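Q: Sequence unavailable; structure follows:
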């Protein structure tokens, strides 16, 4: 397959992106197409000694804080717009970007387009829990929504967990403020009624704290709430690491303990860091689109590429198309 | 002052409640009125040797999973309904409960009533951050809302942080999916416009991850979103403790490190555990009402009582009344 890489997106672009590509390219041997400012990318490609990579020069750059809609409409020669247009034209099999999330969702909708029958594209990060992975859908693509969108998200999430995570009958949960039936605002109750009547393994309302217990495989919510959940996880993880560091730096004896625990703690942080799970699939787009975290390290970007390959090779989109056609 | 205590609420009631009362009673010396099944409470009062406590026998019990509205309407002789009615009648100065949250909010509205001018009562836990406390308002009382409620929450939260936490000009933030102006769904944008035009120190939209950085002193949101944030914090903290335990139990050397770090880690967990901050004030009720966490330990319940005293003695409600009258 040919993987299109947005080299200009993310806080550490383009170097972290190219470094991640290096690792992925060595391990998986797939064809890589790098999109971005050639004069910046070429030296890095030489530095990291990447073979089998083509560079496509793009002159515009969409930055993180930019107004998404304006950016994608005015910056036609940006790595994002060019990459997603190539995806649409069959000139690539997957697109991976750590760039502006809103622009990526907008450009995926406008240039890669939606799978037939899909009403809205959703950002769907894979969340860590104590006992396995859960896909959160939607985590920010749709702050305005109606219950029908969420019912579609349930189906797309189900296909993803079946195909990529080999879960035979994914448990679908609805994020809510209590686990009993009848909880939540009107839209939540309406979504509950829709999900209950679908031929899926619907396990009912799930409270945010039960995500950590792996209460479901697919956690359905609207983009506003999902975004708050995702960013709360980031904030709490960062706060706990901050206090853990303080605890370790307390005195010579705790510092010594920190040295003994170093590897185990690094392993622990990797488990809780959802960006390590490989970024967020953009479900519903016509083509494999993976959003890597904005602050992606080379390691995180490597995982995003790994996930793009799994997404493509397990035929997630073919199955979503099939289900929505029927 | 006379503090009314719901002895029947919470996972560890009545023993954890009475044990928490013991510590608070010894330290603060305020009058305590214990509400609940006398035959269960009397032996505990003797066991813990609590003086200056009166017991009021109540025969009904509202449990955690019960339908809130039905419970408070049918169980008039429950500790919750009796306690909040006493608050209304001036027979007590504060009410502290670890019981059913929905029932507490409903009963506070029905029996303690709202402060004049306040449209909705809000559940307002004090959240830990890296650098200080932030009040989250609302965390679950109002899943259906309109922007005007949220504007009132901003004012109530401001008064609380001024009075109880001595913050001269509390920074008010609106929980949103991005920090730029214009982010979020229609209700969020409308709330933003209201807050921007109020005579408060409004610092704009706040992303959930920036709560950990203490980006504001008062974080305003609707009850659905706030509840998800609160419970995500609980879940992530529990997940990190789970993985930390795994890291420590890895081998003899990490186990030894765990022993060296034990006190520092206990201190760290207490900092991240928001229930240690003293439970959640129920703002807008006519009287001091504090919701202790359902799984409150004696220590957590003690902190909830401590907070009830601070709430009452700093005159939070008198100031809210004054502001809403003007």
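A: All right, it came through fine. Bear in mind that the values here come from a model prediction, so they are computed numbers and not experimental data. Residues are numbered from 1 along each chain as shown, chains lettered A, B, ... in the order given.
Q: What parts of the stretch 1-150 of chain A come near chain B?
A: Residues of the stretch 1-150 of chain A found near chain B (CB under 8 Å from any CB of the partner chain) are A:65, A:102, A:128-130, A:140, A:143-144. Where C-beta positions appear, they are placed from N, C-alpha and C, glycine not excepted.
Q: The same query, at a cut-off of 7 Å, please.
A: Counting by CB under 7 Å from any CB of the partner chain, the residues of the stretch 1-150 of chain A close to chain B are A:65, A:129-130, A:140, A:143-144.
Q: now those residues in TSV, with distance to residue B:73, secondary structure and neighbour count?
A: Below are those laid out as TSV (distance: CB to CB, whole Å; DSSP: H, G, I helix; E, B strand; the rest coil; neighbours: other CB atoms under 10 Å in any protein chain shown):
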residue	distance to residue B:73	secondary structure	neighbour count
A:65	51	coil	8
A:129	38	coil	21
A:130	39	coil	15
A:140	40	coil	27
A:143	36	coil	22
A:144	36	coil	13
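Q: and chain A, what are its domains?
A: Structural domains of chain A, as assigned by automatic domain parsing, span the residue ranges A:1-118+A:284-315, A:119-278.
Q: Out of these, flag the one nearest residue B:28.
A: Across these, residue B:28 has its closest neighbour in domain A:119-278 (28.6 Å, CB to CB).
Q: Distance from the closest one to the middle of the chain?
A: 12 Å (CA atoms, centre = their mean, to the nearest Å).
Q: Quick one: end-to-end length of it, please.
A: End-to-end span of domain A:119-278 (CA to CA, to the nearest Å): 25 Å.
Q: For that domain, give the mean pLDDT please.
A: Averaged across domain A:119-278, pLDDT comes to 95.
Q: Ok, stretch A:303-312 next?
A: In this model, stretch A:303-312 has a mean pLDDT of 96.
Q: Could you do stretch A:88-103 as well?
A: Mean pLDDT, computed over stretch A:88-103, is 96.
Q: first vs last residue of it, how far apart are they?
A: This stretch, stretch A:88-103, spans 16 Å end to end (CA to CA).
Q: mind checking the SS state of residue A:151?
A: helix (DSSP: H, G, I helix; E, B strand; the rest coil).
Q: quick one, what contacts it?
A: Shown in contact with residue A:151 (CB atoms under 7 Å, 6 or more residues apart in numbering or on different chains): A:191, A:194-195, A:198.
Q: burial of the nearest residue to residue A:249 once chain neighbours are set aside, as a residue count?
A: For residue A:249, ignoring the flanking residues on the chain, the nearest one in space by CB to CB, 6 or more residues apart in numbering or on different chains is residue A:255 at 6.4 Å. Residue crowding around residue A:255 was assessed by other CB atoms under 10 Å in any protein chain shown; the count is 13.
Q: can you check residue A:116 too?
A: So residue A:116, with other CB under 10 Å, has 10 neighbours.
Q: From chain B, how far out is it?
A: 27 Å (CB to the nearest CB, to the nearest Å).
Q: show me the contacts for that residue.
A: Neighbours of residue A:116 in contact, by CB under 7 Å, 6+ apart: A:321, A:324-325.
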